[in-house]
Every structure is written in structure tokens, then in C-alpha cells.
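Undergrad: need a structure here:
(2 chains)
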Amino acid sequence: GDSVTQMEGPVTLSEEAFLTINCTYTATGYPSLFWYVQYPGEGLQLLLKATKADDKGSNKGFEATYRKETTSFHLEKGSVQVSDSAVYFCALRGRTGNQFYFGTGTSLTVIP
Amino acid sequence: NAGVTQTPKFQVLKTGQSMTLQCAQDMNHEYMSWYRQDPGMGLRLIHYSVGAGITDQGEVPNGYNVSRSTTEDFPLRLLSAAPSQTSVYFCASSYSSSGGSNEQYFGPGTRLTVT
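TA: Residues are numbered from 1 along each chain as shown, chains lettered A, B, ... in the order given. Sure thing, here's the model as predicted:
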């Protein structure tokens, strides 16, 4: 069945460091891929998405490219800030059917 | 738009009590779902609905009931609370899959403690 595997955390970085959070998926066909962010005490918010191969999703300095050949959707940011401290979830939704499949989340802490 | 709203924000129950977690959305979304979030476990799907009158089980449905009498509302009922149901519960909604591209919108969550 469909599934998402993402890098285990927690991840701790200094401000202005480069961030990569790995995400790979297993799915039938060509799913849509999403990154969500969860700030402490809040619900999940969509950070970015990509709906077909080679698409790049971007938002707030974060980027992720849909790589069909490696079934990956790694999240990157060139220079993290303290305000980026949160839990990040990779997710997919298949082309047919309605369910979403989430990774287990990666906790990021950015220290000044 | 208020988006997805959930009530209550916090709740403490005693073992064996029942209660209903409320969820409503004002975006005319067909698809609604309930997740629980536990430390180290990510999000686990409890129940979902693809439209009024249609519900189905997710990964962890035992101990929970749902109904969907309107497009807007999707309440989650705990029939007889157990300490294992202590968790944070999120409701989410989206347009139904149109090539799968539609994202989910999440509510702020209900933090439930069962003693």
C-alpha cells in the first residue's frame, strides 16, 4: 500500500544553517506530495506541495522537488531561522482514492 | 472563512465516560477525517468521510464512532473512554481527490486526557 518514510529526528541546527529533511514514498501511480508544518500547540499547516514529477514546491524559503526516479520529496531550506522550529510532516495523496498518508514527523529546533 | 473548527480545545474524562468531539468546516469540502497524534507515532487515521451519509474506518477505529449528516459537520464519539485514548485529536477536511492534488486543512486540535 501507499506509505511515506521520513527522516527521524530530532534535528538541531544553528541559525543560518542549511536544512534537509529526507522523505521517500511508496505509491501506486503518481501521487501528489505535501509538506506540512506544525508549530507547538497548533494544528498542521500546509507548507508546500507538488502534484507531478519534477514539480518544485516552494514557500517561505523552503523548497522540495518531486523526484519520481528516486521516489523522493526532500525538504530544503538554505538558511534556517529560530522561527522555523517546528515539526515537519511529509505526506502523499494518491491519484485515486481520497486518503492521505503521513510520515511520522521530524522535529526541528533552531538555536540562535 | 473560519476554516476547520474543533471544540473543545481541552477535555479531561474519567475512564468509562463518553463524549463527542465536534468538528465543523465552512469550505464545502466533501472529504473529512479524524486523526490522533501520539508522541513518536505521527498521525494515525481514525475515521473518514467522503460525503454526507458516507463514513469509513481508518487505521485505528476501535472505540470511536462517527456520523456525517451534513457536509459541514463530522463529530467523533468516544463510546467508553479508556486511558489509551489520551491523545491529541485533529479533524481535517479537503475537496475530494481530483487527481489527488487537493491538500487537507487541519483544525487546531483537541487535547484529551482520560484518567
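
Undergrad: mind listing the strands for chain B?
TA: B:4-7, B:10-13, B:19-25, B:31-38, B:42-51, B:54-57, B:64-66, B:76-78, B:87-94, B:105-106, B:110-114 (DSSP state E).

Undergrad: mean pLDDT, mean neighbour count and distance to chain A added to those, as TSV?
TA: All C-beta atoms are positioned from the backbone trio N, CA, C, and that covers glycine. Putting these into TSV (pLDDT from 0 to 100; neighbours: other Cβ atoms under 10 Å in any protein chain shown; distance: least, Cβ to the nearest Cβ, whole Å) gives the following:
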stretch	mean pLDDT	mean neighbour count	distance to chain A
strand B:4-7	97	18	8
strand B:10-13	97	14	11
strand B:19-25	98	19	11
strand B:31-38	95	23	5
strand B:42-51	93	20	4
strand B:54-57	95	14	9
strand B:64-66	98	19	15
strand B:76-78	98	18	15
strand B:87-94	96	23	6
strand B:105-106	96	22	4
strand B:110-114	97	18	9
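
Undergrad: could those strands be laid out in CSV, adding distance to A:R95?
TA: CSV is the format used below for the strands of chain B (distance: least, Cβ to Cβ, whole Å):
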stretch, distance to A:R95
strand B:4-7, 24
strand B:10-13, 38
strand B:19-25, 23
strand B:31-38, 15
strand B:42-51, 15
strand B:54-57, 19
strand B:64-66, 26
strand B:76-78, 28
strand B:87-94, 14
strand B:105-106, 20
strand B:110-114, 32
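
Undergrad: which of these sits closest to A:Q81?
TA: Closest to A:Q81 of those, according to Cβ to Cβ: strand B:105-106, at 23.1 Å.

Undergrad: and of the strands of chain B, who's closest to A:K52?
TA: Taking the strands of chain B one by one with Cβ to Cβ, strand B:87-94 is closest: 18.2 Å.

Undergrad: which parts of chain A sit against chain B?
TA: Contact residues (Cβ under 8 Å from any Cβ of the partner chain) of chain A with chain B: A:31-32, A:34, A:36, A:42-46, A:49, A:51, A:89, A:93-100, A:102-105.

Undergrad: in strands only, show me these.
TA: Reading strands off the residues of chain A next to chain B with DSSP E, I get A:32, A:34, A:36, A:44-46, A:49, A:89, A:93, A:100, A:102.

Undergrad: where in chain A is the helix or strand with the lowest mean pLDDT?
TA: strand A:100-102 (a mean of 91; mean pLDDT, DSSP states H and E).

Undergrad: what's the burial count for A:T5?
TA: By the criterion of other Cβ atoms under 10 Å in any protein chain shown, A:T5 has 15 neighbours.

Undergrad: need the contact list for the nearest residue to it once chain neighbours are set aside.
TA: For A:T5, ignoring the flanking residues on the chain, the nearest one in space by Cβ to Cβ, 6 or more residues apart in numbering or on different chains is A:T24 at 5.2 Å. Counting by Cβ atoms under 8 Å, 6 or more residues apart in numbering or on different chains, A:T24 touches A:4-6, A:70-73.

Undergrad: and B:Y48, by the same measure?
TA: So B:Y48 contacts A:98-99, B:31-34, B:55-56, B:58 (Cβ under 8 Å, 6+ apart).

Undergrad: measure the spatially most central residue of chain B to A:G41 for me?
TA: For chain B, the residue nearest the mean C-alpha position is B:W34 (2.6 Å; Cα atoms, centre = their mean). Noted for B:W34: a distance of 19 Å to A:G41, by Cβ to Cβ, to the nearest Å.
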